[in-house]
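> can't give you the sequence, but here's the structure:
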């Protein structure tokens with residue numbers, strides 16, 4: 001598109017999957033979901049559904065023409081359940097009818113009987129039963145056993161973090177159309193066009209070149225449409241293949257929330273040891289990941305948890321292990337941070353408890369242990385170019401944090417109790433699956449001077465299209481209004497990596513830059529040959545050719561017209577693969593990231609000691625952004641990530657009953673952050689890095705790292721509650737800090753304020 005996305009959004013001109021007219025002769029798909037979490041299917045009678053008016057196809061597992069399998073990392077996820085169900089909301093059958101009403105009515109006439117079995121919902125129980133999706137993994141550095149014997153203070157504890165609903169504005173959906181000569185054209189709301197292409201081909205017994213996937217934009221994704229979009233595209237595709245007619249499938253909000261995966265809940269045990277000065281000597285953790293019923297991306301998410309187990313800190317002796325525990329809940333999936341937030345929460349909890357035991361302010365321990373240049377992460381990668389201390393110190397300087405802490409520490413006892421916390425972040429940028437660290441771009445310069453760009457990046461509100469426009473315009477020396485980003489299409493750019501892991505701009509922008517550099521070199525060589533000057537003297541800036549900094553009397557449009565007339569090639573395709581990264585899963589050592597992003601957030605909160613309610617007063621951030629490609633977009637990403645992180649650890653709570661059914665799976669029962677959840681003050685300063693060769697134009701990724709800033713709100717609330725308890729006449733030692741469980745809802749704040757259960 002030539003216009004910027006924000007301009008289209010505010011004019012209500014942005015087109016999403018459900019905005020365009022339905023294809024002619026379209027069928028509508030509705031799905032029968034399992035009402036229980038675990039059991040054997042004893043009866044599935046679809047005769048009445050087939051006889052419903054307007055119904056053209058009723059599909060069960062045995063009717064799938066290809067493989068009844070959509071598992072991404074492991075082949076453990078059937079498209080439609082066959083003999084057993086493993087979670088409430090699992091698809092069992094699909095109806096294709098002339099209207100959506102008819103399809104839903106027919107689903108209601110399917111007779112289903114399931115012999116129920118007791119579900120396993122707790123990851124620790126699953127672990128004890130040996131229900132693991134993959135073997136236990138362990139990262140280790142140094143000798144923790146010996147190190148703990150030398151520590152002055154050793155603290156152990158347990159943490160719990162819950163699920164989080166993505167709550168993207170546009171729900172899951174797909175439209176499938178038959179292609180001339182066979183095959184399928186799929187329009188999908190997906191972050192991974194190639195993933196959809198592969199899944200549809202697999203289910204329909206087609207080759208990948210027989211399936212074309214096209215993505216315009218998404219109304220949000222946050223990881224929830226990385227692999228979980230595959231199922232709905234596959235159901236639409238197989239219905240289209242079997243009927244020869246277009247098929248549309250869009251989930252209702254309540255369906256989407258009920259049957260799709262969320263952020264992984266984690267239960268974890270930790271043990272941390274420090275010397276008398278507060279320096280961390282040893283750290284151990286065991287992560288019980290609630291993976292849900294199938295693998296989805298859980299093994300990769302657990303891996304990133306292990307990568308980020310020590311957060312922003314250097315710990316010389318580390319042993320951390322994690323287990324993907326199979327339970328009877330919908331498969332949990334990718335979510336902003338991809339396992340990193342769960343790990344950082346655990347070590348922050350450990351450090352806060354250690355600070356209370358050692359008798360020092362936790363912020364002193366945080367600053368003392370920040371990872372520095374040359375120090376090594378547990379997976380063997382050195383922290384080259386660490387900006388952890390620089391961000392921390394700049395935050396204290398810019399925001400006067402010492403004075404603010406002193407003011408809160410000296411507050412008098414009142415109904416309204418304040419608290420504060422700091423959260424340093426360190427997040428690695430790259431896919432931890434090495435294969436995915438690649439991208440391609442196709443750039444056309446048309447002979448009127450306009451430019452079309454195709455990449456594998458998917459625009460989902462994060463501004464990746466605008467950033468790629470900026471990169472292309474800067475490289476070619478033209479106004480960005482000349483550049484149009486095309487839809488993401490598997491026939492123009494094949495084998496795309498998902499737009500995820502904060503790599504969308506890094507990978508696809510690099511590929512686009514390489515393609516544009518090819519075209520620019522050809523154009524400058526042509527201009528030099530026709531003007532009898534040296535190519536080194538020529539540049540293109542602001543749509544004009546310059547010779548040693550002076551206008552050469554040749555506009556961009558004139559240059560392109562002449563080059564086209566001289567048969568100069570005006571298109572280029574480029575491939576980019578992140579250099580220098582590797583990881584050995586046998587030794588659990590390597591250099592898995594191109595670089596790290598650092599930052600520090602300071603949060604202040606106020607709780608009402610009588611009601612347990614609270615507000616986030618301020619969050620002030622110094623973020624390691626490098627030379628931002630588009631600072632306004634990056635500011636929006638930091639603000640959005642912060643609020644989403646606050647939501648995860650405060651108000652957002654996904655509750656399941658004992659039968660594995662979600663109780664908060666509607667927009668009315670699940671509390672997402674709103675205007676009143678927003679901190680009254682949000683300040684952000686971008687700390688420009690020194691030259692960072694691994695980045696695109698020295699700009700660092702900004703999608704996922706800011707999410708972790710929200711962790712500061714949790715610990716600020718804890719500090720406020722602990723301060724209130726300390727001021728009571730008969731405080732209970734350590735009662736307010738016994739275990740860390742999130743989200744910290746007002747009900748849980750009341751529990752902290754009233755540790756003895758008194759009225």
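All right, it came through fine. Here the structure is a predicted model, which is why all the values come from computation and not from measurement. Numbers count the residues shown, from 1 in each chain.

> Show me what the closest residue in space to residue 682 that isn't next to it in sequence is bridged to.
With Cβ to Cβ, 6 or more residues apart in numbering as the measure, residue 619 is the residue that lies nearest to residue 682, at 5.4 Å, once sequence neighbours are left out. No exception for glycine: its C-beta is placed from N, CA and C like everyone else's. Using DSSP bridges, the bridge partners assigned to residue 619 are residue 603, residue 682.

> Now do residue 619 against residue 683, distance only.
Separation of residue 619 from residue 683 (Cβ to Cβ, to the nearest Å) stands at 8 Å.

> Just want the phi and psi numbers for the residue of the chain positioned farthest from its centre.
Relative to the centre of the chain, the most outlying C-alpha is that of residue 532, 52.2 Å out, by Cα atoms, centre = their mean. According to degrees, to the nearest 10, the main-chain angles of residue 532 amount to phi 60, psi 50.

> Equivalent analysis for residue 204, please.
In terms of degrees, to the nearest 10, the main-chain angles of residue 204 are phi -90, psi 0.

> ok so, going back, have a look at residue 619 and residue 683 and say which one is more surrounded.
A count of neighbours by other Cβ atoms under 10 Å puts residue 619 above the other of residue 619 and residue 683, at 29 against 14.

> give the contact list for that one.
With Cβ atoms under 8 Å, 6 or more residues apart in numbering as the criterion, the residues that contact residue 619 are 601-604, 642, 679, 681-683, 709, 712-713.

> Filter these down to just the buried residues.
The neighbour count (16 or more other Cβ atoms under 10 Å) marks 601-604, 642, 679, 682, 709, 712-713 as buried among these.

> Quick check, pLDDT for the residue nearest to residue 8 when sequence neighbours are not counted.
When the adjacent residues along the chain are set aside, residue 8 lies closest to residue 14, with 4.4 Å between them (Cβ to Cβ, 6+ apart). The predicted local confidence for residue 14 comes out at a pLDDT of 92.

> Repeat that for the one 5 residues further on.
At residue 19, the model reports a pLDDT of 94.

> Number of residues surrounding it?
Residues contacting residue 19 under the criterion other Cβ under 10 Å number 12.

> quick one: it is in a strand?
No - under the criterion used here (DSSP: H, G, I helix; E, B strand; the rest coil), residue 19 is coil, not part of a strand.

> picking that back up, with the contacts of residue 619 in mind, which one is nearest to residue 272?
The shortest approach to residue 272 among those belongs to residue 712, at 19.3 Å (Cβ to Cβ).

> which SS state does that closest one fall under?
helix.

> was I right about it contacting residue 602?
Yes - with contacts counted by Cβ atoms under 8 Å, residue 712 reaches residue 602, the gap being 6.9 Å.

> residues bridging contact with the two, i.e. touching both?
Overlap of the contact sets of residue 712 and residue 602 (by Cβ under 8 Å, 6+ apart) consists of 421-422, 619.

> Check the residues you listed against residue 175 and report the nearest one.
Proximity of the shared contacts of residue 712 and residue 602 to residue 175, judged by Cβ to Cβ, is greatest for residue 619, which lies at 40.6 Å.

> Let's see the pLDDT reported for that closest one.
For residue 619, the pLDDT comes out at 98.

> Phi, psi for the residue nearest to the spatial centre of the chain please.
By Cα atoms, centre = their mean, the chain has its centre lying nearest to residue 336, at 2.5 Å. Dihedral angles of residue 336 (phi, psi; degrees, to the nearest 10) stand at phi -40, psi 120.
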